[in-house]
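> Fold the following for me, if possible:
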Amino acid sequence: MATSRIDYSGRLKHAVRRSIRRFGMDIVQYGPLKRRSTLAEAFEQMNRIGMRPATVIDVGVAMGTPELYTAFPESRFLLVDPLREWESTITELASSMGAAYERVAASDSPGSMLIRVPDSPSHATFYAKDDSGDDRDWTEYEVETARLDDLVERNGLSGPYLLKVDVEGAELEVLRGAPSVLRETLSVTLEVTLFDVFEGGAGFAEVVAFMAERDFVLYDVVGGFCRAADRALYQLDLVFLPRDSTFR
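Numbers count the residues shown, from 1 in each chain. Coordinates of the predicted model:
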């Protein structure tokens, strides 16, 4: 009668995993090591390596960022968006999440500004669009502005924070109004533009330099949209961590 083959390797792996599980750890085998290409994958990575923000701040909410909310279900949320076009959508979203909602534009000072809203509100901006071929209809109206530091204090929120910003060229205005928040921030995700699309708006180099001056360094590059005319890379989502972050 044939003797059954003993899988010593399998028994050893089982014994090792059983031993380390006693310490609350486990061994996980990942698939191929490839670059993350979506925000969902980026936020999943942050969760996987152990980021546990007390507060997640979503600036430029529009119809919502479900991949962000799903990745950090135990966090408190602050949703910030100035557009009246999204108000009913965000009000309903905030209610379902138990989130705080501020219908203001995050900026470097309190006050008001004129915002320009095209027929697609998700591309609203404070800047004139440097694109002679842009023939969309624009609506303009005043919106309230506020500093993120003040919004966090007003809503009784605390760090550590995780910040996502999608504001069509106004990234630096948002960040200049958040010095206290940034000092307690685990990660900042910014949508940036590679071309001089917005007159006076921040570009890729300015954003990276601004973050470096505040000791944040690039950790991940995901997403991306191409320009319709020639399919040149147009926008990217950049993920920054503090230079001394334990997650680096």
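
> how far away is the spatially most central residue of the chain from residue 197?
Centroid-nearest residue in the chain: residue 164, 2.6 Å away (criterion: CA atoms, centre = their mean). Taking CB to CB, to the nearest Å as the measure, residue 164 falls 20 Å from residue 197. Every C-beta, even on glycine, is put in place using the N, C-alpha and C of the backbone.

> quick one: the helices in the protein?
Ranges of helices within the chain are 8-21, 39-48, 66-71, 87-97, 148-154, 171-176, 179-183, 204-213, based on DSSP state H.

> Could you dump these into TSV with distance to residue 238 and mean pLDDT added?
TSV is the format used below for those (distance: least, CB to CB, whole Å; pLDDT from 0 to 100):
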stretch	distance to residue 238	mean pLDDT
helix 8-21	35	70
helix 39-48	10	94
helix 66-71	15	95
helix 87-97	24	95
helix 148-154	18	97
helix 171-176	10	94
helix 179-183	15	97
helix 204-213	7	94
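
> which residues in the protein form strands?
55-59, 76-80, 100-102, 105-106, 111-117, 139-146, 161-165, 185-193, 216-226, 233-242 (DSSP state E).

> So for the fifth one, what gets flagged as buried?
Going back to what we said before, that points to strand 111-117. 115-117 (16 or more other CB atoms under 10 Å).

> got it, and the first one?
Of all the residues in strand 55-59, those buried under the rule 16+ other CB under 10 Å are 55-59.

> Show the average pLDDT along stretch 112-124.
Across stretch 112-124, pLDDT averages out at 79.

> what's next to it, contact-wise?
With contacts defined as CB atoms under 8 Å, 6 or more residues apart in numbering, stretch 112-124 is touched by 62-63, 82-83, 85-86, 105, 107, 125-129, 136-145, 168.

> Just the buried ones from those residues, in PyMOL syntax?
Remark: buried members of these, expressed as a PyMOL selection using 16+ other CB under 10 Å:
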select buried, resi 62+82+83+86+105+107+125+126+127+129+143+145+168
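
> follow-up on the earlier one: contacting residues for the residue lying closest to the residue nearest to the centre of the chain once chain neighbours are set aside?
Residue nearest to residue 164 in three dimensions, not counting chain neighbours: residue 189, with 4.5 Å by CB to CB, 6 or more residues apart in numbering. Contacts for residue 189 (CB under 8 Å, 6+ apart) come out as 39, 42-43, 163-165, 237-240.

> confidence score at residue 202?
Reported pLDDT for residue 202: 79.

> how much space between it and residue 41?
Using CB to CB, we find residue 202 at a distance of 25 Å from residue 41.

> Looking at the two, which has the bigger crowd around it?
Neighbour totals were compared for residue 202 and residue 41, and residue 202 leads with 23 against 16 (other CB atoms under 10 Å).
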